[in-house]
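K.L.:
how would this look folded up:
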Amino acid sequence: MKKILMVMLLFLIGAVPLRSQGSFKKVGTAGYVFLGIPVSARTASLGEAGVAMEGLGADALFTNPGSVGFEHGTHLVSFSYSPWIADTRHEAAAYVYNASSAGVFGVSVDRLDMGEMTLTQNAVGTKIGMYDILGTFKADGIAIGLTYGRELTDRFSFGVTAKYVQERIWEYSSTNLVFDAGLLYYTGFQSLRIGGVVKNFGVDGKYLQGTFKMPTDFRFGAAMDIIGAEGGSSKLTLAVEALHPTDNDERINVGAEFWYQNMVALRGGYKFNYDEETWSAGLGIRWSGLGGPLGLDAAYSNLGRLGGHVRVTLGASF
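P.N.:
Numbering: from 1, shown residues only. Got it, this is the predicted structure:
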């Protein structure tokens, strides 16, 4: 157990950013920003305070791969969809295979479809602002991940994900390899657990002749069931999460989830120190399906001047 605590300490020390003497805005200093879009409807409805939540199913691959070792069931799948900002579409899918003592293996796909846009060029011999329409082009971003996780003790689990990422616009593209690493630890004090994750860690990306930083962020959070016995069918869970993105200021996410008879869940969350994002809410239902439980989660997130957005996730375990 001392070794596990030492690993957690080193993980958290490595996640603490060093501040420079000068102060400057970091917005827009990283690429592949679609990697920061929340995937799971459950996590989105909690204000993204999901790093220490349990029972995430296959969505653990996107939220905290360190929690995947505690997932039950041999096979877990999930599918998520959201009509995102500016007529774009965000889609994701994940599959997890629990190989028992050999660990847990997972594969995931996260994609932002930016749709079809008009291709133009400046009209020859005309005034500035005049252009010719040449046709259309498409743009998108995709991340394909491979995950390995394992429950080392009945209190501690870790996970690592390697992701191939690509962004394309017309005939140009940029690719890179980034990593997520996370852990989940049950403290032994009632149901209190703490989790941490480093997401999208990698070398600088390249696009044409330029380079850009990865959208790395460090997250540390805690969650606890404050009403209802641990493992009970009806319970209220509170979660809090602190994060430091490399391309923005520090932020705080908080969320609450109430399960009634393991059948219906009500959720809510709030984000602090964001430019536009504030509150979120959601609903979850569970029922028995072929070979195991099925779940449907829906979330609504208020993005301020960018409007409100709905996200839906369907998950299964068998």
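
K.L.:
export stretch 130-137 as CSV, just CAs?
P.N.:
Only the C-alpha atoms of stretch 130-137 are listed here, as CSV (Å, rounded to 0.1, in the frame of the first residue of the first chain):
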residue,chain,number,x,y,z
MET,A,130,-15.1,39.3,-54.2
TYR,A,131,-14.5,35.6,-54.7
ASP,A,132,-15.3,32.6,-56.9
ILE,A,133,-16.9,29.4,-55.6
LEU,A,134,-14.9,26.4,-56.5
GLY,A,135,-17.0,23.7,-54.7
THR,A,136,-17.0,22.3,-51.2
PHE,A,137,-14.6,20.7,-48.7
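
K.L.:
Any idea how many residues pack against Y131?
P.N.:
By other C-beta atoms under 10 Å, 12 other residues sit near Y131. (C-beta placed from N, C-alpha, C; glycine too.)

K.L.:
how about it, phi and psi?
P.N.:
phi -150, psi 160 (degrees, to the nearest 10).

K.L.:
for it, what are its contacts?
P.N.:
Counting by C-beta atoms under 8 Å, 6 or more residues apart in numbering, Y131 makes contact with T120, Q121, N122, A123.

K.L.:
Show me where the stretch 151-300 of the chain has its strands.
P.N.:
Using DSSP state E, counting those that start in this stretch, the strands of the stretch 151-300 of the chain run over 156-169, 172-186, 193-201, 205-207, 210-212, 217-227, 235-245, 251-260, 264-272, 279-288, 293-302.

K.L.:
related to what we said a few turns ago, reformat the contacts of Y131 as a markdown table; add secondary structure, distance to I169 and pLDDT.
P.N.:
Compiled in a markdown table, the contacts of Y131 are given as follows (DSSP: H, G, I helix; E, B strand; the rest coil; distance: C-beta to C-beta, whole Å; pLDDT from 0 to 100):
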| residue | secondary structure | distance to I169 | pLDDT |
| --- | --- | --- | --- |
| T120 | strand | 14 | 82 |
| Q121 | strand | 15 | 81 |
| N122 | strand | 19 | 77 |
| A123 | coil | 22 | 71 |
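
K.L.:
now, which of the residues you listed sits nearest S157?
P.N.:
T120 (51.5 Å; C-beta to C-beta).

K.L.:
Give me the nearest residue to that closest one, chain neighbours excluded.
P.N.:
Excluding the flanking residues, the one nearest T120 by C-beta to C-beta, 6 or more residues apart in numbering is Y131, at 4.3 Å.

K.L.:
low pLDDT regions in the protein?
P.N.:
1-28, 124-129, 229-231, 290-291 (pLDDT under 70).

K.L.:
can you rerun that using 80?
P.N.:
1-29, 122-131, 229-232, 289-292 (pLDDT under 80).

K.L.:
that older thread, mind giving me CSV with the strands of the stretch 151-300 of the chain and columns for mean neighbour count and distance to E116?
P.N.:
CSV is the format used below for the strands of the stretch 151-300 of the chain (neighbours: other C-beta atoms under 10 Å; distance: least, C-beta to C-beta, whole Å):
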stretch, mean neighbour count, distance to E116
strand 156-169, 20, 12
strand 172-186, 20, 16
strand 193-201, 23, 27
strand 205-207, 16, 21
strand 210-212, 13, 25
strand 217-227, 20, 31
strand 235-245, 20, 30
strand 251-260, 20, 33
strand 264-272, 19, 32
strand 279-288, 17, 30
strand 293-302, 20, 25
